[in-house]
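In: no sequence on this one, just coordinates:
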C-alpha cells in the first residue's frame, strides 16, 4: 500500500536555477537516509551531476523554443509512502522507479531516493520538468493527483502489495448527482424564454424583444444587446448563450432563412456497471452491517449470477474447460504484449538517453579539450565545472553502452520514432486484451463458484492436509 503526493517545484526569487535545484535534490540525496546512496536510482542522469544536467536542459529548452517564464516550474517531486513492514527498501525503490518511468513515459530524467529513516519506508522522487529532447515541458494537468494515485495503486497491485480500498474520493458534483435535473442557470432560463418566444412566431425582432420584456427581462443596448431578468444582478449578452442565440442568428430565424434548434438540458450518462466477483459479494453479506444491507447484497449477488450466465451463453462457452482455456490464452497474450511494450520502452529510454548524451558530448567537447590542454587545472575546472561534469557523464554512458563509434543523432531519432509507432500500435491491443482478460477471469471465478469447484478444491486440500 502506498500514498502519494505530487509537488511542483518553482524557481524562487533571489535564487539561481542551480541553487533552487540543489536545495531540493541535496535533501533527497542524503546518504544517512539512503544507506550511503545504495537506495538511489536514476534515469538519464547521474546523482553527482543531476543539478548540472537539469540546468543544462533548461538552457537548451530556452535556446530551442525561446520560451522564458518568470515563475517557472523547474522540476516536480512526488512523495510515495508505504505501509510499515509492507515492503523492503529495495522493492520500494524499484516500485518508485517503475512508477515515475511509466508516469513520465520515459520522456523525462528523474532520480528516486528511498528513505529508511522513518517507521514507514518512503520515496522522494524528483523529475525534470523539461523533456529529454529539450523541446517540451511536462504540464501538470487537472486531476494529476488522481492519475498519480491510480498508477501507484496499479503498480503496487502488480507487485502483490495491498492498496487503499476506501480512499476518500471526490464524489459527483451536485448537478451530476441530481442526474441532469439540476437547478437551471440564468443562461439556461434565458434560452428557454427565447425558445418560447420564437414558438409564438413574432413578426419582427422588435416584437420578439417585446415578448422577452413581458417575461420579466429588461433590454439594453451598449454596443451589444444585453438582457437582464428582474431577479438577476448581472446582464447577459446574447452571444454568450452559444450557437443559435446570437442577435444575427435570431434575426435570420425570424425572417425564415434559418431554422432554430431549441435548448435541451444536458443529461449525464449513467455509470457503466462493472462485472464483480460473487465471492466478494458473498464476503460483504457476512460483514455484519445489518439486515437491509444483507438484503441489498443478495439482490446484487443474484444479478451478478445472471450476468455471468448471460455472458457464457453469448460467448458460446460449452463447458468450464472452454472458458478456462480462453482465459488462459487471453492472459498469456496480455503478458506477452506487456513484455513487448516494456522492452520497447526500455529501448526508447536508452535511445533518448544516448541521444541526449551525444548532444551534450558534442556541445561540451571544446570546453573539455581546453581543460585537458590546461593540464586539468583546478582554476579551469572551477570556471567550467558544469560543462566538464556533463562531458564526463556522457563519456561514462558511452563506456557503459560499450560504444566504440557514436551513432548519428538522426538515426537515433528515426529509431525512436519507429519504436514510438510500434508502442502506440501495441497499446491499443494491450488495453483491449487487458479488458478481455479481466472479464474472462472474473466470469471464470464466478462460474467456478456457481459450479462449486472452489468448494470441491478446498475439500481436496483439507483431505490432503489430514492425510499428512
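Out: Thanks, I have it. All of these numbers come straight from a predicted model, not from anything done at the bench.
In: ranges for the helices of the stretch 51-200 of the chain?
Out: 89-103, 144-158, 174-177, 186-199 (DSSP state H, counting those that start in this stretch).
In: quick one: closest of those to residue 31.
Out: Counting by C-beta to C-beta, residue 31 lies closest to helix 89-103 out of the helices of the stretch 51-200 of the chain; the figure is 14.0 Å. C-beta: built from backbone N, CA, C; applies to glycine.
In: so which bits of that closest one are buried?
Out: 89, 92-101, 103 (16 or more other C-beta atoms under 10 Å).
In: show me what it is packed against.
Out: Counting contacts by 3 or more C-beta pairs under 8 Å, 6 or more residues apart in numbering; DSSP states H and E, helix 89-103 packs against strand 40-43, strand 73-82, strand 110-115, strand 122-128, helix 144-158.
In: how about residues contacting that helix?
Out: Helix 89-103 is contacted from outside by 2, 35, 39-41, 43, 78, 80, 82, 87, 110, 112, 114, 116, 121-123, 125, 127, 147-148, 151-152, 155-156, 159, 161, 345, 349, using C-beta atoms under 8 Å, 6 or more residues apart in numbering.
In: re the thing from before, which among the helices of the stretch 51-200 of the chain is found nearest to residue 376?
Out: Across the helices of the stretch 51-200 of the chain, closest to residue 376 is helix 89-103 (C-beta to C-beta), at 34.8 Å.
In: gap between that closest one and the chain center?
Out: Computed by C-alpha atoms, centre = their mean, to the nearest Å, the separation of helix 89-103 from the middle of its chain amounts to 16 Å.
In: so that helix versus strand 110-115, what angle?
Out: Computed by axes from the mean of the first three to the mean of the last three C-alpha atoms, to 10 degrees, the angle separating helix 89-103 from strand 110-115 equals 150 degrees.
In: give the contact list for residue 25.
Out: 50-51, 111, 126.
In: as TSV, those residues with distance to residue 380 and pLDDT would be great.
Out: Below are the contacts of residue 25 laid out as TSV (distance: C-beta to C-beta, whole Å; pLDDT from 0 to 100):
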residue	distance to residue 380	pLDDT
50	23	86
51	20	87
111	28	94
126	30	94
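In: and these, which are buried?
Out: Among these, those classed as buried by 16+ other C-beta under 10 Å are 50-51, 111, 126.
In: hmm, back to that, let's have the buried residues of helix 89-103 in CSV, adding distance to residue 390 and pLDDT.
Out: Formatted as CSV, the buried residues of helix 89-103 follow (distance: C-beta to C-beta, whole Å; pLDDT from 0 to 100):
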residue, distance to residue 390, pLDDT
89, 30, 90
92, 30, 91
93, 25, 92
94, 27, 91
95, 30, 92
96, 25, 92
97, 23, 92
98, 27, 91
99, 27, 91
100, 22, 91
101, 22, 90
103, 26, 90
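In: closest one to residue 341 out of these, please.
Out: residue 101 (12.1 Å).
In: how close does the closest one get to residue 446?
Out: Going from residue 101 to residue 446 by C-beta to C-beta, to the nearest Å gives 35 Å.
In: OK, contacts around the closest residue to residue 189 other than its chain neighbours?
Out: Ranked by C-beta to C-beta, 6 or more residues apart in numbering and with sequence neighbours excluded, the top spatial neighbour of residue 189 is residue 229, at 7.4 Å. By C-beta under 8 Å, 6+ apart, residue 229 lies in contact with 186, 189-190, 216-218.
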